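>>> A predicted structure for the sequence below; I have some questions about it.
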Amino acid sequence: MSPSKIRFSELVGEQTRAEIFATVLTAGPISRTQLAQRLGLVPSSVTRMLPPLLEHGYLREAEDTAPQGRGRPQKMLHVNPDKHIVVGMKIGPAQVSGVVTDMAAANVLARDEEPIADCTPQTALSAAAALTSRLLSTAPEAADRVLGLGVGVSGHVDSTAGVCRYSALLDWNKVDVAGPLQEATGLPVVVNNDVNTLVVAERWFGEGRDIDSFAVVTVGPGIGSGLLLNGSLFSGATGLAGELGHMPLDPAGPMCSCGRRGCLEALAGDRAVLRHLQDAGFACASIDEAITLARSGTAAARGVALAAFTEAGNALGRGLAGMCNLLNLQKIILAGEGAVAYDLFGPALTQALEAHAFSTAARDCQIHVDPVQHDLWARGAACLVIRDTVGATLS
């Protein structure tokens, strides 16, 4: 890292300043008084912690004012979106998708994707580096303004080390993600579980705004989840929290991609639906074909396909009931490619959730369907860069 680039923690000194920045980003424009109230701080503490953020251009106070009750008007704090640009990326089994955003991650300045022939680490990371270069070539003065690169990958990710410890979906074991990408791009790199990137994106821009405890659960080839608990992203002791797809539900069930039997993913993921159809004599090449069959096939085919999605929905509902019983969440956001089939598996999911949830756990938790596109995954990865590494060019 060059002498002119320093980590956010080094610039602002206290973690509370990072929380101030994030709060202004998600809730701004906001006055100092409102900011103090949201963070549970006395106004003098906010005033004491703001100067580094203002002096180095991360925040600015607008000339416009807003009345605060009967007191005199106060200037409003904004994030300075032009301070830096950020690259966010999602590495999947078939392609790498990326965006360039402004400092607030609100405006996507460029977007692109790179199909990959295989998802070996060398292929995927080379594609990610090439995509980063291509994206930045479209941004003016990128070399002087780029803050860093955020990357989301599936599985157990040690974000501190920048290493994917294990991904069943990608078939990765102990893969250094941050090191090769930092060497190839020359940028600071932040790596996290891809569903965690969605949690941050939903918290900043989507259905998680102003909610303290929620989960994002992704449905598709795998079943993943990310958690925001009491206002903070929860990753567990070593980054392993949220592996809902590998919750053991049936010891005699089908084999899972992780090598164990009866995991939720083996019962509710895409392969479970396709396996059900194949066993009934209706083989489909893809989950999209299965969805089409369930909606517009012959009467016999529709019946079998609906039964397959119902079985998957029942398993997923039992898994979500366990999550609600443990965490008493306010909301679960269902996302991922498979969420588009909610009309097919949703009724069984709801029934199983209500049947297996303890006391008021199901009623306390709202289920929201958000079949997000790749942009949001990548924007979430950009958010992680802003949250974790915010650098500054000092004069």
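On my side now, so go ahead.
>>> which helix or strand contains residue 353?
Assigned by DSSP states H and E, residue 353 belongs to helix 342-356.
>>> does residue 228 sit in a helix or strand, and which one?
strand 223-229.
>>> the helix or strand following that strand pairs with which strands, parallel or anti?
As assigned by DSSP H and E, the chain's next helix or strand after strand 223-229 is strand 232-234. Paired neighbours of strand 232-234 in the sheet (DSSP bridges): strand 223-229 (antiparallel).
>>> buried set for the strand it pairs with?
Within strand 223-229, the residues that count as buried by 16 or more other CB atoms under 10 Å are 223-228. Where C-beta positions appear, they are placed from N, C-alpha and C, glycine not excepted.
>>> and the two most separated of those residues?
Distance extremes for the buried residues of strand 223-229: the farthest pair is 223 and 228 at 18.2 Å, using CB to CB.
>>> what's the pLDDT at the residue nearest to residue 28 when sequence neighbours are not counted?
Nearest residue to residue 28, sequence neighbours excluded (CB to CB, 6 or more residues apart in numbering): residue 78, at 5.3 Å. With respect to pLDDT, residue 78 scores 91.
>>> same question for residue 78, what's its three-state structure.
Recorded secondary structure, residue 78: strand (DSSP: H, G, I helix; E, B strand; the rest coil).
>>> quick one: it and residue 58 touch, right?
No: look at residue 78 against residue 58 with CB atoms under 8 Å: they stay out of range, at 10.3 Å.
>>> pull the CA atoms of the following helix or strand past the helix holding residue 353 into CSV?
With elements assigned by DSSP H and E, the helix or strand that comes after helix 342-356 is helix 361-364. Below are the C-alpha coordinates for helix 361-364, written out as CSV (Å, rounded to 0.1, in the frame of the first residue of the first chain):
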residue,chain,number,x,y,z
ALA,A,361,-41.0,-17.3,15.6
ALA,A,362,-42.7,-17.7,12.2
ARG,A,363,-45.1,-14.8,12.8
ASP,A,364,-42.3,-12.6,14.0
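>>> where along the stretch 251-395 of the chain do the helices fall?
Here the stretch 251-395 of the chain has its helices, by DSSP state H, counting those that start in this stretch, at 264-268, 270-279, 287-296, 299-327, 342-356, 361-364, 374-389.
>>> quick one: which of those helices is nearest residue 217?
Per CB to CB, nearest to residue 217 of those: helix 299-327, 6.9 Å.
>>> roughly how far out does the closest one sit from the chain middle?
23 Å (CA atoms, centre = their mean, to the nearest Å).
>>> ok and that helix relative to helix 287-296, angle-wise?
Here the directions of helix 299-327 and helix 287-296 differ by 110 degrees (axes from the mean of the first three to the mean of the last three CA atoms, to 10 degrees).
>>> residues of stretch 196-213 that come out buried?
Applying 16+ other CB under 10 Å to stretch 196-213 flags 196-208, 211, 213 as buried.
>>> so for that stretch, first residue to last residue, what's the gap.
Terminal residues of stretch 196-213 lie 14 Å apart, using CA to CA, to the nearest Å.
>>> let me know the average pLDDT across it.
If you average the pLDDT over stretch 196-213, you get 89.
>>> stretch 293-304 too?
Mean predicted confidence for stretch 293-304 is 94.
>>> kindly report the same for stretch 158-176.
94.
>>> what comes up buried for that stretch?
158-159, 161-170, 172, 175.
>>> which ones among the residues you listed lie within strands?
Mapping those onto strands (DSSP state E) picks out 158, 163-167, 172, 175.
>>> nearest to residue 278, of these?
Nearest member of those to residue 278, counting by CB to CB, is residue 167, at 25.6 Å.
>>> how about that closest one: which residues does it bridge to?
residue 172.
>>> contacts only, for it.
Residues near residue 167 by CB atoms under 8 Å, 6 or more residues apart in numbering: 153-156, 175.
>>> out of those, who has the most neighbours?
Within these, residue 153 tops the neighbour count with 28 neighbours, counted by other CB atoms under 10 Å.
>>> just confirm that one contacts residue 165, I think it does.
No: Residue 153 lies out of contact with residue 165 (CB under 8 Å); the separation is 10.6 Å.
>>> where does the prediction get shaky in the protein?
1-15, 63-74, 140-143, 373-374, 389-395 (pLDDT under 70).
>>> geometric centre of it: which residue is closest?
Among the residues of the chain, residue 198 comes closest to the average C-alpha position under CA atoms, centre = their mean, at 1.7 Å.
>>> hang on, it in a helix?
Yes: checked against three-state DSSP, residue 198 lies within a helix.
>>> between its first and last residues, how far does stretch 264-277 reach?
Counting by CA to CA, you get 18 Å between the two ends of stretch 264-277.
>>> not counting sequence-adjacent ones, nearest residue to residue 366?
Distances taken as CB to CB, 6+ apart put residue 331 closest to residue 366, at 4.7 Å, once the chain neighbours are dropped.
>>> those strands in the stretch 1-150 of the chain, which residues are they?
Here the stretch 1-150 of the chain has its strands, by DSSP state E, counting those that start in this stretch, at 30-31, 59-66, 74-79, 85-91, 95-102, 108-115, 146-153.
>>> closest one to residue 279 among those strands?
strand 95-102 (30.1 Å).
>>> report how many residues lie close to the closest residue to residue 170 other than its chain neighbours.
Leaving aside its chain neighbours, residue 170 sits nearest to residue 119 (4.9 Å; criterion: CB to CB, 6+ apart). By other CB under 10 Å, the residues close to residue 119 number 21.
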